[in-house]
Each structure stands twice: as C-alpha cells, then as structure tokens.
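K.L.:
only geometry, no sequence info:
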C-alpha cells in the first residue's frame, strides 16, 4: 500500500511540472554575465593598447568560474593585445604560435620563482614584447609551471611590493595576492610608467564586487589574515601553514 502511495505522489509531482522550461536570464553577449550584473559599461570607452602583449596560460578549470577577471583584461585591451591559451601543459599542437612566444628573448614570465627579478629593477632599455601570466588558482598555476619546462627556462619577473587587492569577494591565500587582472594592471603600470591601466581597468572589477555584495556576497580577508587573527575555520594545508609560520617568525 505504501508503495502505491509513493508512486501516486511521484506521478502527482510529474503532473504538476510546468509544461515550459523555466525562463532563462538574458546574458550579455560580451562578458556572458546576466544583464542586471553586467560590467561591460565600466570597460574603457576606447580599448587600451599596451606596448607589449599579454599572454595568458589559463587552466581549464578557470574558464568555468563565473567571477573570473581574465575577460575584463581581454575586453579592456585592444584586439590581439591579450591572447588566452588554455591547458595544463604548454605548448601543445593546438597552441598555435605559443612555442615561438615562450622561446623569444623578448618574452618574460611573471612568476615569483627563486630567480625572478623585481619588475622595477628591469633595465629601462630592455624590450619586452610578451608578458606571460598563469591564470588559475595558486595550486593550478604552480602545476602549470612545474609541468612546463619551457616556462622554467624563461626570464622570470615578479612584483616585489604587496598591493591591496580590489577583488574583495574572493579569498586569497596570503596578503598581497592579486587577481589575474590586477597582476596584469600592476605589471603594465610599471613597464610603461602609466597609471591609465589602473584608472581604467579596475572599474569593471570594482563594479563586479559591488554587484555581488548587493546580491548577498560578503567581503573576504586572505587566509593569512584570518589565520593570524584566528578566524579561519578550515584546515590549512601543510605548505601554506609553513609559509604563514615563517612570515610570523619574521614579523
């Protein structure tokens, strides 16, 4: 008897299903965000054209994130000024032209390796045609670097000073960590000694954060900040714990 009642209940639920699928929210054709939270109006009116090209090596999982910042870079810079290659290891046959870029003496990788040079200490007369960035979480970026010998052989540069991230709706591993967009902005600002990149390209990121907070998101501190103030509820990985302990000892 109970089985018959369960079958009847299931049938009733199916009968009451709407005949038409639920109405989908309209998406912006550029940023692919719902129209009510689209940040395209905050992009530069005239797309910026840097002297060097930005090359993003993007982990496949990053493309699925709804709150990623790489599209702000590709849409804020002029056509062909920012190229995205997707994968976990580079280059492969599908990455047309990437081998030449990574082998070029005029290409540098923005990555904080032990041999990385502070960007502000680069000779002023050095010609940089391609600035390569790894787009993904820190573990994903490290995996891409470790799996790609060609990246390890490149000239490495780093941002020495800590910058306050505007990406306040996403938890960063440590203080001073930046989103892909912000990293590119800081690098271009230093290379070209031009504040235009900050003034123009941060606007869509600030708009995105404002939209999300108005819809219920909260601001985030870094894992380092929360651990230091004993407000981080999750277990911390061994490597991050060691990094944070070393920083504590140096303070």
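P.N.:
That came through, no problem. Just so we're clear, the structure is a prediction, and the values are computed from it rather than from any experiment.

K.L.:
show me the domain layout of this protein.
P.N.:
For the chain, automatic domain parsing gives the domain ranges 35-220, 223-251.

K.L.:
wait, which of those is closest to residue 28?
P.N.:
Among the domains of the chain, domain 35-220 comes nearest to residue 28, with 4.2 Å by Cβ to Cβ. For glycine as for every other residue, the C-beta is placed from the backbone atoms N, C-alpha and C.

K.L.:
okay, and the helix or strand of the protein with the least pLDDT?
P.N.:
helix 223-228 (a mean of 41; mean pLDDT, DSSP states H and E).

K.L.:
wouldn't residue 122 be in contact with residue 157 here?
P.N.:
Yes - proximity of residue 122 to residue 157 meets the contact threshold set by Cβ atoms under 8 Å, at 6.7 Å.

K.L.:
low-confidence ranges, the stretch 151-251 of the chain, go.
P.N.:
Where the stretch 151-251 of the chain drops to pLDDT under 70, the residues are 161-162, 170-176, 217-251.

K.L.:
which stretches of it form strands?
P.N.:
155-158 (DSSP state E, counting those that start in this stretch).

K.L.:
please, where are all the strands along the stretch 1-150 of the chain?
P.N.:
Using DSSP E, counting those that start in this stretch, strands in the stretch 1-150 of the chain cover 53-58, 82-86, 107-110, 117-118, 130-135.

K.L.:
can you add distance to residue 96 and mean pLDDT and give the ones you listed back as TSV?
P.N.:
As requested, the strands of the stretch 1-150 of the chain are exported to TSV (distance: least, Cβ to Cβ, whole Å; pLDDT from 0 to 100):
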stretch	distance to residue 96	mean pLDDT
strand 53-58	13	98
strand 82-86	9	97
strand 107-110	16	98
strand 117-118	29	94
strand 130-135	15	98
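
K.L.:
CSV please, covering those and showing mean neighbour count and distance to residue 196.
P.N.:
Converted to CSV, the strands of the stretch 1-150 of the chain look like this (neighbours: other Cβ atoms under 10 Å; distance: least, Cβ to Cβ, whole Å):
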stretch, mean neighbour count, distance to residue 196
strand 53-58, 22, 15
strand 82-86, 18, 16
strand 107-110, 22, 19
strand 117-118, 13, 22
strand 130-135, 23, 16
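
K.L.:
and those as CSV, adding distance to residue 34?
P.N.:
Below are those laid out as CSV (distance: least, Cβ to Cβ, whole Å):
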stretch, distance to residue 34
strand 53-58, 23
strand 82-86, 23
strand 107-110, 32
strand 117-118, 41
strand 130-135, 23
